[in-house]
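K.L.:
For reference, the sequence and a predicted model appear below.
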Amino acid sequence: MHNKFIPHPCARNPHLQTILGSLKIRSSHHHQSLNSSKEMTIEGGHGVRLLGYHSSQPSKISRGLVTLIHGWEGSADSTYVVSTAKYLYNNCFDIFRLNLRDHGNSHHLNEGLFHGALIEETFNAVRNISRLSADLPYFIIGFSLGGNFALRIALKQSLSRIPNLAHVIAISPALDPYKATLAIDESLPIYRFYFLSKWKNSLRKKQALFPGRYNFKDIIGLKTCMSLTEAIMPYHPDFGDYREYFHHYTLRDDAFNDLTLPVTIIASEDDPIVPVHDISGLKEHHHLHRVIQAYGGHCGFIDFFPFRCWYEREIERILCQRSCV
């Protein structure tokens, strides 16, 4: 039985929930999990390197290792990642906060440009991270686009197994990136402004680091995420167009037929970015568990009294069921 998220009436607006989820107040205080974190470069195969931060329990017995994967244009230092890291660290879990390619301070590590279909390097990286946990259970938690990555990692278990991976959790996962991109453009202007600003800053960093390969001058002024996605396709020659690109990491209908380990999706009916029917419409599977709440926005699930995050407690409940300590 799952506990329901029932926020105070003044905190039920989905856009407010979405914004609350990223407020710096949630992660502004120093914490042992951050102070003791060790920066690590993780091999993703074929020369790819990803950047992350490992926080291990100094004296307590660890219940296992949790890898956290941020959303699009977030990072290992995003509020929701840091807040979840603190909460789980306080509850005796080791933490690894992973940056996807070209996120955080990692643009210099790889010449190639990030895109959402880069699952192989991310899978290889989390498999290498899993070895830090020795014989303890290993867990992966992803947020939004990171949730999409986490789910695809779970699906790859049927082909290439991570031996100690015990459970994968996705918070507000973007199962259909085409719909999510349209939603960002068509919902409140603040979402489009936020994502476009961060994406363009990322492209400028990449161009400055690799001026011989990238010149985004003619597309950097575009005003929507969808138009910029279309315009950047020539830098991703593996895809014929943006629709083929989105298709490569879209999860729908019977996508989870081959699941071999437990997966939990936490989502809300009022999510302004991810349509809940994309999640509720997935074909049933005994390893697929959906926790859908009436409120929560996109990666929100914040209440005022007291000010805390509901999904952090739900994650701990799930992980403790899978760990033996």
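P.N.:
Cool, the structure landed. Residues are numbered from 1 along each chain as shown.

K.L.:
So what's the gap between stretch 204-220 and the chain middle?
P.N.:
26 Å (CA atoms, centre = their mean, to the nearest Å).

K.L.:
for stretch 310-321, same thing?
P.N.:
Distance, centroid of stretch 310-321 to centroid of chain: 17 Å (CA atoms, centre = their mean).

K.L.:
Please list the outside residues in contact with it.
P.N.:
Outside stretch 310-321, the residues that touch it by CB atoms under 8 Å, 6 or more residues apart in numbering are 2-3, 5, 7, 63-64, 66, 83-84, 87-88, 91, 93, 137, 139, 141, 167, 169, 171, 264, 266, 291, 293, 296, 301-303. Any C-beta I mention is one placed from the backbone N, CA and C, and that applies to glycine too.

K.L.:
Which pLDDT does the model give residue 32?
P.N.:
Among the per-residue scores, residue 32 shows a pLDDT of 65.

K.L.:
what's the answer for the one 10 residues further on, then?
P.N.:
Note for residue 42: predicted pLDDT of 98.

K.L.:
Report the beta-bridge partners for it.
P.N.:
residue 50 (DSSP bridges).

K.L.:
Model confidence score at the nearest residue to residue 145 once chain neighbours are set aside, please.
P.N.:
Nearest residue to residue 145 in three dimensions, chain neighbours excluded: residue 72, at 4.1 Å (CB to CB, 6 or more residues apart in numbering). In this model, residue 72 is scored at 97, pLDDT.

K.L.:
mind checking how far residue 72 is from residue 275?
P.N.:
Per CB to CB, to the nearest Å, residue 72 is found 17 Å from residue 275.

K.L.:
Helix or strand for the residue nearest to residue 48 when sequence neighbours are not counted, just tell me which one.
P.N.:
Sequence neighbours aside, residue 121 is the residue nearest to residue 48 in space, at 4.3 Å (criterion: CB to CB, 6+ apart). Assigned by DSSP states H and E, residue 121 belongs to helix 119-130.

K.L.:
How about residues contacting that helix?
P.N.:
Contacts of helix 119-130 (CB under 8 Å, 6+ apart): 42-46, 48, 50, 52, 54, 65, 67, 69, 96, 98, 100-101, 138, 140, 149, 152-153, 156, 160, 162-165, 249.

K.L.:
Same check on stretch 14-31?
P.N.:
With CB under 8 Å, 6+ apart as the criterion, stretch 14-31 contacts 7, 11, 78-80, 82-83, 86, 89, 187-188, 190, 268, 270-273, 295-302, 307, 309.

K.L.:
can I get the CA coordinates of it in CSV?
P.N.:
Presented in CSV, the C-alpha positions along stretch 14-31 are these (Å, rounded to 0.1, in the frame of the first residue of the first chain):
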residue,chain,number,x,y,z
PRO,A,14,0.9,21.8,-10.7
HIS,A,15,3.1,24.7,-11.9
LEU,A,16,3.8,25.7,-8.3
GLN,A,17,4.7,22.1,-7.5
THR,A,18,7.0,22.0,-10.5
ILE,A,19,8.8,25.2,-9.5
LEU,A,20,9.0,24.2,-5.8
GLY,A,21,10.8,21.0,-6.8
SER,A,22,13.7,23.1,-8.1
LEU,A,23,13.9,25.8,-5.4
LYS,A,24,17.4,26.2,-4.1
ILE,A,25,16.2,26.3,-0.5
ARG,A,26,15.9,22.5,-0.7
SER,A,27,19.6,22.1,-1.2
SER,A,28,21.2,25.3,0.1
HIS,A,29,22.6,23.9,3.3
HIS,A,30,26.0,22.1,3.4
HIS,A,31,25.7,18.5,4.1
